[in-house]
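> whatever this is, show me its structure:
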Amino acid sequence: MKILVTNDDGIHAPGLEIAEKIARSLSDDVWVVAPETDQSGVAHALTLSDPLRLRQVDERHFAVRGTPTDCVIMGLKQVLGEKPDLVISGVNRGQNIADDVSYSGTVAGAIEGTLLGIRSFALSQAFGRETVEHPHFDCALAHGADIIRRALEADIAPDVLMNVNFPDRPAGEVAGVSVTRQGRRVPDWIRIEERADGRGRPYYWIGFKHQIMDPPPETDLAALAEGRISVTPLSLDMTHERTRQELLDHFASPPGNRAQAPGS
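Below is the predicted model:
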């Protein structure tokens with residue numbers, strides 16, 4: 001089995017080394033193509049207006065001056081020259097659950113692999129206030145390969161990627177595995193911090209507010225709160241089918257026959 005490993009934290013990130021170790025426990029044919037620099041939060045961005053630089057770091061390790069999406073494409077088209085059997089994106093330093101999914105470069109690497117017809121996994125290691133400097137990457141390392149093996153045994157649709165998040169716990173204290181759905185955070189969870197540079201001119205950092213919430217059951221938020229590994233199947237098709245059916249009926253009716261909104 002040929003495995004392509006990428007991430008969004010960059011070619012020198014410790015989580016990338018963990019992902020490679022996970023991959024090597026599954027196969028001897030492992031290739032690493034990762035961003036030259038940290039690309040956290042770039043989502044599914046694709047570089048179109050600048051050239052892509054590809055640097056060989058050592059045997060089977062390459063750095064791309066671009067996004068995780070660029071890395072997967074370059075890995076397939078330029079480095080390997082053929083489709084790998086599996087894409088592993090991560091292990092991200094920090095969870096990628098709920099609303100994080102739409103921003104995540106880690107998830108985007110798995111999205112691109114799935115778009116290219118490759119079974120793909122996004123792996124992320126959660127941390128807390130006390131472990132922010134030293135996340136429990138041993139948790140991802142101890143459980144990652146088994147999660148991937150078990151998921152590959154299932155009959156998963158080709159347009160589905162697996163988003164796996166490991167809890168902020170040592171490997172031996174994990175409470176189990178939950179197959180989850182994507183949760184939602186409470187609104188207004190992003191904050192803007194204003195600062196001033198040496199000349200007194202303002203600049204800004206986007207950050208996140210600390211939240212206390214009771215996450216709904218069976219969500220990725222709930223799984224991590226319970227110390228469980230969250231395995232969430234994510235679909236590339238973002239169509240909301242119930243609304244589509246309602247719109248079919250709405251647009252099928254002549255304009256004059258549509259019910260008017262109250263007060264109109």
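
> any idea how far the most centrally placed residue in the chain is from Y204?
The residue lying closest to the centre of the chain (C-alpha atoms, centre = their mean) is V107, at 2.1 Å. As for V107, its distance to Y204 is 25 Å (criterion: C-beta to C-beta, to the nearest Å). Glycine gets a C-beta too; all of them are placed from N, C-alpha and C.

> next up, the contacts around the residue lying closest to I73 once chain neighbours are set aside.
What sits nearest to I73 in space, not counting adjacent residues and going by C-beta to C-beta, 6 or more residues apart in numbering, is E112, at 6.6 Å. Each residue near E112 by C-beta atoms under 8 Å, 6 or more residues apart in numbering is listed here: H44, P68, T69, V72, I73, V87, S120.

> quick check: the first one vs W189, distance?
Yep, that's H44 we're talking about. Going from H44 to W189 by C-beta to C-beta gives 21 Å.

> who's more crowded, those two?
For the pair H44 and W189, the greater number of neighbours falls to H44 (17 against 14), based on other C-beta atoms under 10 Å.

> can you give me the distance of the more buried one to V5?
In terms of C-beta to C-beta, H44 sits 18 Å off from V5.

> before we move on, back to that, out of the contacts of E112, which sit inside helices?
Counting by DSSP state H, those place P68, T69, V72, I73 in helices.

> so how far is R201 from the nearest residue in space to the first one that is not next to it in sequence?
Same thing as P68. Distances taken as C-beta to C-beta, 6+ apart place G109 nearest to P68, at 3.8 Å, with adjacent residues excluded. Noted for G109: a distance of 36 Å to R201, by C-beta to C-beta.

> neighbour-wise, which of the two wins?
Legend: neighbour count by other C-beta under 10 Å for G109 and R201, higher for G109 (36 against 8).
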